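Trainee: Sequence first, predicted coordinates after that:
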Protein chains: 2
Amino acid sequence: MEHSYDPCFETSVDLLSDPQNQRVWSIIISLFGDMAQQPNDQISGSALTRIITPMGIKPEAIRVALHRLRKDGWIESSRSGRSSIHYLTQYGRDQCVAVTARIYAREPASPQDWHVLIAADGCGQAVLDEALLLPDYVAVNRTTAMGCGPMPKNTHDLLALDASNFSLPDWLKVQLFPAELSTSCAALLKAVNAIPEMTQELSPVQIASLRTLIVHRWRRVVLRHPDLPANFYPAAWPGDACRNRVFSLLDQLPRPNLAELGELVEA
Amino acid sequence: MEHSYDPCFETSVDLLSDPQNQRVWSIIISLFGDMAQQPNDQISGSALTRIITPMGIKPEAIRVALHRLRKDGWIESSRSGRSSIHYLTQYGRDQCVAVTARIYAREPASPQDWHVLIAADGCGQAVLDEALLLPDYVAVNRTTAMGCGPMPKNTHDLLALDASNFSLPDWLKVQLFPAELSTSCAALLKAVNAIPEMTQELSPVQIASLRTLIVHRWRRVVLRHPDLPANFYPAAWPGDACRNRVFSLLDQLPRPNLAELGELVEA
């Protein structure tokens, strides 16, 4: 059964779509991460199409993106009769799992324990650059990295120290939360605040479309800055307001189970 | 009364004189700092000569140094009959007072509370360089300074943080205690360890000569590195052994009072 045209759903999709940044493969990852992250989860090709095409993405673009995701080792596909089935590889699952806690955290993480690693002007740079590849480290300047939690046992050729009572200059706030990120976050906040109350019941596929768009946009905000205490935020950082509205919307759009999506597809 | 030739005194002066680094004006400051730092203290020109010439320094070099010290505002001189009288200016006294506690500290100061100031790669450098002019700050690298005690209220455009549990790389130890300083300190330790037991009673002037030489050499070691906890010392840093021997010698050479020096001169 096809749901009738719902202007609220259409409006919401329009608000949440980000035409300048609609990477289809990335949206597909957002979808799998939100709804099919478990080892036996799978999504049929037709469900995928019905969830994603309302975003203004053509089936051909979905096929190209799936091809790329298979090539990069994120997704595997198989055929079942006339229809295709897609699922995350172990690698793809691991990538999703690694960021799920941060994407879905309802409270901003605010780690209080920090250490700092400092290289000499001409010594230890390589070790510092290595540390900065780890997710727990944030670059302060060319020779300084802040790390979350206790300092590592072996700090090699770096000066290491436990840090507390940060007094934060504006340049560091701007560096950690660049203007472009604040703009993205403010745009998402504006979009989620504008989403209307639904006047009709949404189908599981429509819910999946909206959840995917919301998670996709939020993921691209929350993963682009490190977890930092609130005193690191720049003035008027809209992140907390955005997070609250995102989770209030997701609560109104409970994750459909994959069987429901499948049924619809088979219908 | 002139004391007779004392080979122990001569040996000690030879051991303590540093022919490569015998700046006469600096030795005179060591002497005033050690024996005539109070507002009404004064040393006669003839006492000065009798204290300093045994170091192999000519009266003419003493006159030149006194001239320079007057010109630089450290010392004033006046005439009293045939003899001249020298004393520290307020400026000279202030300079001496500022370092007396560090020179005469019998236990190495080991400040435990530190903060760190960090400039951006292209921002805050001037403020950092300003902080590094203060005696409580130590440069770590071009953009990082360590400061003793609590962080200042206004850290301007710098990232500031309280630091603890330093893990110290060799490059920082070498930077704070350069090889040249370790060499100077080891040479002084060797010299003070070689000073023989005195076989004859020393005159007040002889005591003044030896005290001046010891304080002068020690001053040039202890003021050339910041007060840092022992874990900042490089391996085999001879500073503590040197300090112990320096103060044991100074205890054996109690500071003569200026009247004694004067009497001898008038005798």
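Mentor: Right, received. Where do you want to start? Numbers count the residues shown, from 1 in each chain, chains lettered A, B, ... in the order given.
Trainee: and A:P234, what is it in contact with?
Mentor: A:170, A:173-174, A:177, A:182 (Cβ atoms under 8 Å, 6 or more residues apart in numbering or on different chains). Quick note: C-beta positions are derived from backbone N, CA and C, even for glycine.
Trainee: try 10 Å this time
Mentor: Residues in contact with A:P234, defined by Cβ atoms under 10 Å, 6 or more residues apart in numbering or on different chains, are A:168, A:170, A:172-179, A:181-182.
Trainee: do A:G122 as well
Mentor: Per Cβ under 10 Å, 6+ apart, neighbours of A:G122: A:143, B:141-142, B:171.
Trainee: So which of those residues sit within strands?
Mentor: Per DSSP state E, strands hold the following members of these: B:N141.
Trainee: and the two most separated of the contacts of A:G122?
Mentor: B:R142 and B:W171 (13.5 Å; Cβ to Cβ).
Trainee: hey, what's in contact with both of the two?
Mentor: If you check B:R142 and B:W171 against Cβ under 10 Å, 6+ apart, the residues they both contact are A:120-122.
Trainee: The residue nearest the centre of chain A: which element?
Mentor: Per Cα atoms, centre = their mean, the C-alpha nearest to the average position across chain A is that of A:R219, at 2.0 Å. A:R219 belongs to helix A:204-222 when elements are defined using DSSP states H and E.
Trainee: Give me the average confidence score over that helix.
Mentor: The average pLDDT within helix A:204-222 is 95.
Trainee: same question, stretch A:15-27
Mentor: pLDDT averaged over stretch A:15-27 gives 85.
Trainee: now stretch A:246-254
Mentor: 96.
Trainee: Just want the angle from the helix or strand containing A:V99 to helix A:204-222.
Mentor: Per DSSP H and E: A:V99 is located in helix A:90-103. Using axes from the mean of the first three to the mean of the last three Cα atoms, to 10 degrees, the inter-axis angle of helix A:90-103 relative to helix A:204-222 is 70 degrees.
Trainee: Paired strands for the helix or strand just after helix A:90-103, with orientation please.
Mentor: Using DSSP H and E, the next helix or strand after helix A:90-103 towards the C-terminus is strand A:114-118. Its sheet considered, strand A:114-118 pairs with strand A:144-148 (antiparallel), strand A:159-167 (antiparallel) by DSSP bridges.
Trainee: buried ones in the longest one?
Mentor: When neighbours are counted by 16 or more other Cβ atoms under 10 Å in any protein chain shown, the buried residues of strand A:159-167 are found to be A:159-163, A:166-167.
Trainee: Could you do stretch A:203-217 as well?
Mentor: In stretch A:203-217, counting by 16+ other Cβ under 10 Å, buried: A:203-217.
Trainee: same deal with stretch A:30-43?
Mentor: Buried residues in stretch A:30-43 (16+ other Cβ under 10 Å): A:30-36, A:42-43.
Trainee: May I see those arranged in JSON lines, with pLDDT as well?
Mentor: Listed next are the buried residues of stretch A:30-43 as JSON lines, based on pLDDT from 0 to 100:
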{"residue": "A:S30", "pLDDT": "96"}
{"residue": "A:L31", "pLDDT": "97"}
{"residue": "A:F32", "pLDDT": "97"}
{"residue": "A:G33", "pLDDT": "97"}
{"residue": "A:D34", "pLDDT": "97"}
{"residue": "A:M35", "pLDDT": "95"}
{"residue": "A:A36", "pLDDT": "95"}
{"residue": "A:Q42", "pLDDT": "94"}
{"residue": "A:I43", "pLDDT": "94"}
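Trainee: Looking at those, which is nearest A:R106?
Mentor: A:D34 (15.0 Å).
Trainee: so the closest one is in which element?
Mentor: Counting by DSSP H and E, the element that carries A:D34 is helix A:24-35.
Trainee: Next, the angle from that helix to helix A:90-103.
Mentor: Using the same axes, to 10 degrees: helix A:24-35 against helix A:90-103 is 70 degrees.
Trainee: Render the CA-only coordinates of helix A:24-35 in CSV, please.
Mentor: Once non-C-alpha atoms are left out, helix A:24-35 reads as follows in CSV (Å, rounded to 0.1, in the frame of the first residue of the first chain):
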residue,chain,number,x,y,z
VAL,A,24,24.7,9.5,-1.8
TRP,A,25,27.2,6.9,-0.5
SER,A,26,27.4,8.9,2.8
ILE,A,27,23.6,9.0,3.1
ILE,A,28,23.5,5.2,2.6
ILE,A,29,26.1,4.8,5.4
SER,A,30,23.9,7.0,7.6
LEU,A,31,20.9,4.8,6.8
PHE,A,32,22.8,1.5,7.5
GLY,A,33,24.3,3.0,10.7
ASP,A,34,20.9,4.0,11.9
MET,A,35,18.9,1.0,11.0
